[in-house]
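Q: After the sequence you'll find the predicted model.
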Amino acid sequence: MSHSAGQDSYSVGQVAGFAGVTVRTLHHYDDIGLLVPSGRSHAGHRRYGDADLDRLQQILFYRELGFPLDEVAALLDDPETDPRAHLRRQHELLTARIEKLQKMAEAVEHAMEARTMGINLTPEERFEVFGDKDPEQYAEEAEQRWGGTEAYAESQRRAARYTKADWKRLQAEVDDWSERYATLVTAGQPATAGAAMDLAEEHRLHIDRWFYACSYEMHVCLAGMYVSDERFKAFYDSMAPGLAEHLRDAILANASRHTS
């Protein structure tokens, strides 16, 4: 049934504005029979009703998920599928897309941290998020490294605001701390010495200031990673032999004196 050109129908320009698509796109959808407006004005102009808007929303959902136009048409015109089934299918597809994007965001975070720490990722690690490896393996590592997605989210929010000058200042802080900690280790200072624990606290505050809230519990988790992860261990040990384990012990001692 055709709509009359009244309050219950919309022009092609209005619909384009609602949906964020071009008028040309709507004309194309009409030409190929994917979205034929249910009415025409007295002058012959396209008029879209609520049912047309519903169909357009479905079309754009599927297009956003990468479906070709002919497949979209086949899905929407399938007499066996009701609107609720479309919504369920789209929810499943969107959930899968969200999980994929979250893993991609985690991979970017991993690369950012590795770059800051001067660690080169392997080719496999660079492209792991795009491959067919066990997705849970990366999720477990991410959880182990950062203690949950909130740390990722906070790090991402902060890093997005940083300028080139901010990154240079961050790196200068890392370089200055590294030199002082290496001097301490070379001089034979024990990890439980006040100077070592003070530098461990400075390390925690650097993470807290630049990346995400780093509690003593989080810092202790990171300390374990600095020894167990060969890349981080090599990074710290390159400053001075044995520095990774020394730092781990200093972080544990520092956490103990602040939380006991």
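A: Structure's in. What do you need? Numbers count the residues shown, from 1 in each chain.
Q: contacts and neighbour counts: CA atoms only from here.
A: Noted.
Q: From residue 191, how far out is residue 239?
A: Separation of residue 239 from residue 191 (C-alpha to C-alpha, to the nearest Å) stands at 16 Å.
Q: In terms of neighbours, single out the busier of those two.
A: Between residue 239 and residue 191, residue 191 has the larger neighbour count (other C-alpha atoms under 10 Å), namely 24 against 18.
Q: if I pick that one, what's in contact with it?
A: Residues in contact with residue 191 (C-alpha atoms under 8 Å, 6 or more residues apart in numbering) are 197, 246-247, 249-250, 253.
Q: quick one: it is in a strand?
A: No - going by DSSP: H, G, I helix; E, B strand; the rest coil, the assignment for residue 191 is coil, not a strand.
Q: Report the separation between it and residue 177.
A: Per C-alpha to C-alpha, residue 191 is found 15 Å from residue 177.
Q: that older thread, out of the contacts of residue 191, which comes closest to residue 16?
A: Using C-alpha to C-alpha, residue 247 comes nearest to residue 16 of the contacts of residue 191, at 59.2 Å.
Q: so where's the stretch 101-250 of the chain shaky on pLDDT?
A: Scanning the stretch 101-250 of the chain for pLDDT under 70 picks out 111, 114-153, 156.
Q: which stretches of it form strands?
A: Assigned by DSSP state E, counting those that start in this stretch, the stretch 101-250 of the chain shows no strands.
Q: Where do the helices of it begin and end?
A: 123-127, 135-146, 149-161, 164-186, 194-210, 216-228, 230-237, 243-259 (DSSP state H, counting those that start in this stretch).
Q: which one of those helices lies closest to residue 19?
A: Closest to residue 19 of these, according to C-alpha to C-alpha: helix 149-161, at 28.5 Å.
Q: Mind listing what's buried along whichever strand or helix holds residue 96?
A: Using DSSP states H and E, residue 96 falls within helix 83-116. Neighbour counts over helix 83-116 (16 or more other C-alpha atoms under 10 Å) mark 86, 90, 94, 102-112 as buried.
Q: mind putting these in TSV, distance to residue 219 included?
A: Shown next, in TSV, are these (distance: C-alpha to C-alpha, whole Å):
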residue	distance to residue 219
86	46
90	40
94	35
102	24
103	23
104	25
105	22
106	19
107	21
108	21
109	18
110	17
111	20
112	18
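Q: Of all pairs in those, which one spans the longest distance?
A: 86 and 112, at 38.4 Å, using C-alpha to C-alpha across those.
Q: residue contacts, the residue nearest to the spatial centre of the chain?
A: Nearest to the mean C-alpha position of the chain, counting by C-alpha atoms, centre = their mean, stands residue 105 at 2.5 Å. For residue 105, the contact set (C-alpha under 8 Å, 6+ apart) is empty.
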